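S.K.: Got a predicted structure here, sequence first:
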Amino acid sequence: MSFKDIFVFDRMVAPTLIKILYWLGLAGVVLAGIGIMFSGGLMGGGHGMGQQATGLTFASFLMGLVYIVFAGLFWRVLCELLIVVFEIHARLREIRDGNVKSSSKAAVTD
């Protein structure tokens, strides 16, 4: 990739940025999940009149783990959908330019 490709929009930079944002977002998901794990009963699971558990409880640990798994999976699918849009663009450009290599062989007739 050269600077000319960037300035004349011959090549898309968004797929590369999406991959970088995926890793940053995944780190955020993991940190948020760890925060949920150590929130204890701060989400309303108190241990008495007006008291709330702090620190690591089994429920908060489980909630944080579930959050990491499902939010991480959701984030991955969202980023993949964005990349698919750019892949479609690249394939359409190949079709327009006539650079498509046929994956199916033409039938030979006698």
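M.R.: Done, it's in. Computed from a predicted structure; not experimentally measured.

S.K.: in a helix, that's where V66 is, yeah?
M.R.: Yes - counting by DSSP: H, G, I helix; E, B strand; the rest coil, V66 is found in a helix.

S.K.: got any ranges where the chain has weak pLDDT?
M.R.: 1, 5-6, 41-54, 101-110 (pLDDT under 70).

S.K.: Let's see that with 90 instead.
M.R.: Where the chain drops to pLDDT under 90, the residues are 1-16, 37-60, 89-90, 93-94, 96-110.

S.K.: And the helices in it, which stretches?
M.R.: In the chain, the helices defined using DSSP state H lie at 3-7, 14-37, 58-97.

S.K.: in the last one, what counts as buried?
M.R.: The neighbour-count criterion (16 or more other Cβ atoms under 10 Å) identifies S60, M63, G64, Y67, I68, A71, W75, C79, L82 as the buried residues of helix 58-97. Heads up, the C-betas are built off the backbone N, CA and C, glycines and all.

S.K.: That one versus helix 14-37: what angle between them?
M.R.: Angle, helix 58-97 to helix 14-37, by axes from the mean of the first three to the mean of the last three Cα atoms, to 10 degrees: 170 degrees.

S.K.: name the helices or strands packed onto helix 58-97?
M.R.: Packing partners of helix 58-97 (3 or more Cβ pairs under 8 Å, 6 or more residues apart in numbering; DSSP states H and E): helix 14-37.

S.K.: tell me the centre residue of the protein?
M.R.: R76 (2.8 Å; Cα atoms, centre = their mean).

S.K.: That one against Y22, yeah?
M.R.: Yes - counting by Cβ atoms under 8 Å, R76 does reach Y22; the two are 7.1 Å apart.

S.K.: Looking at the buried residues of helix 58-97, which one is closest to R96?
M.R.: L82 (21.8 Å; Cβ to Cβ).
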